[in-house]
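Student: with the input below, show me the fold.
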Amino acid sequence: MTSKKKKKIVIVIIIVVLIILISIGAVMLLRYIEALKNKDTSGLNVEPNVMLDKNATPNVNKVATINVNLNKIIKVQKKDNGKYSMVLNLTNGNEHQYMVSLSVDDVIVYTSDLIPAGATLPEVELDNIELESGTYDAVAIFTVVSEEDNKTVLGSTGLQLVLDVSK
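Tutor: Now for the predicted structure:
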């Protein structure tokens with residue numbers, strides 16, 4: 001075999017290998033993009049009975065919107081009786097009862113009982129708070145609960161706020 005034929009064969013093999021590599025890369029890129037589109041970035045765990053799809057199955061109770069009215073900075077101060085007061089100024093403009101849970105770095109600081117539709121929760125009293133004095137980024141999760149059985153979740157939403165602890 002001549003030197004020119006060997007060079008042509010090597011060039012053809014290199015071109016075929018490059019085409020295969022580019023094809024594999026394109027398929028992997030398309031799968032990665034599809035996985036990113038389908039990824040849930042909310043950070044919330046959704047229970048099976050919570051419908052987020054607007055075209056949800058008929059006859060399934062769900063909440064389309066949740067009205068949240070709460071202080072953006074929540075102050076926690078120690079009272080004379082040794083307990084802590086957390087000022088929320090929470091008003092419920094929703095048609096359903098709900099619960100609110102307040103957490104800092106995945107540690108739950110407070111969870112309310114069921115709050116009736118239309119009720120207010122201006123302030124709550126805590127026995128103790130496991131946080132030192134200071135300012136913390138916190139998350140409040142509002143969970144609307146069915147009045148029929150007091151346990152079926154109809155929807156949830158979260159709100160980032162600041163927790164100001166004074167001991």
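Student: make it CA atoms for all contacts and neighbour counts henceforth
Tutor: Fine.
Student: which residues of this protein fall in helices?
Tutor: Using DSSP state H, the helices of the chain run over 3-38.
Student: tell me the helices and strands packed up against the longest strand along it.
Tutor: The longest strand of the chain (DSSP state E) is strand 153-166. Packed against strand 153-166 by the contact rule (3 or more Cα pairs under 8 Å, 6 or more residues apart in numbering; DSSP states H and E) you find strand 73-78, strand 134-145.
Student: go again with 10 Å.
Tutor: Strand 153-166 makes packing contacts with strand 73-78, strand 84-91, strand 98-104, strand 134-145 when contacts are defined by 3 or more Cα pairs under 10 Å, 6 or more residues apart in numbering; DSSP states H and E.
Student: so which of those is nearest residue 121?
Tutor: Closest to residue 121 of the helices and strands packed on strand 153-166 is strand 84-91 (Cα to Cα; 4.9 Å).
Student: sorry, back to before: same list (the helices and strands packed on strand 153-166) but as TSV, adding distance to residue 10 and mean pLDDT.
Tutor: Listed next are these as TSV, based on distance: least, Cα to Cα, whole Å; pLDDT from 0 to 100:
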stretch	distance to residue 10	mean pLDDT
strand 73-78	69	89
strand 84-91	74	86
strand 98-104	62	89
strand 134-145	62	90
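Student: of these, which is nearest residue 18?
Tutor: Residue 18 lies closest to strand 134-145 among these, at 50.2 Å (Cα to Cα).
Student: for that closest one, which helices and strands make contact with it?
Tutor: Contacts defined by 3+ Cα pairs under 10 Å, 6+ apart place strand 134-145 against strand 73-78, strand 98-104, strand 107-111, strand 153-166.
Student: strand partners of the longest strand of the chain, parallel vs antiparallel please.
Tutor: Take DSSP bridges as the rule and strand 153-166 pairs in its sheet with strand 73-78 (parallel), strand 134-145 (antiparallel).
Student: figure out how far that strand is from the centre of its chain.
Tutor: Relative to its chain's centre, strand 153-166 lies at 10 Å (Cα atoms, centre = their mean, to the nearest Å).
Student: may I see the buried residues of that strand?
Tutor: Under the neighbour-count criterion of 16 or more other Cα atoms under 10 Å, strand 153-166 has 153-158, 161-165 buried.
Student: thought residue 140 was touching residue 107?
Tutor: No: checked against Cα atoms under 10 Å, the pair residue 140 and residue 107 is beyond contact range at 11.6 Å.
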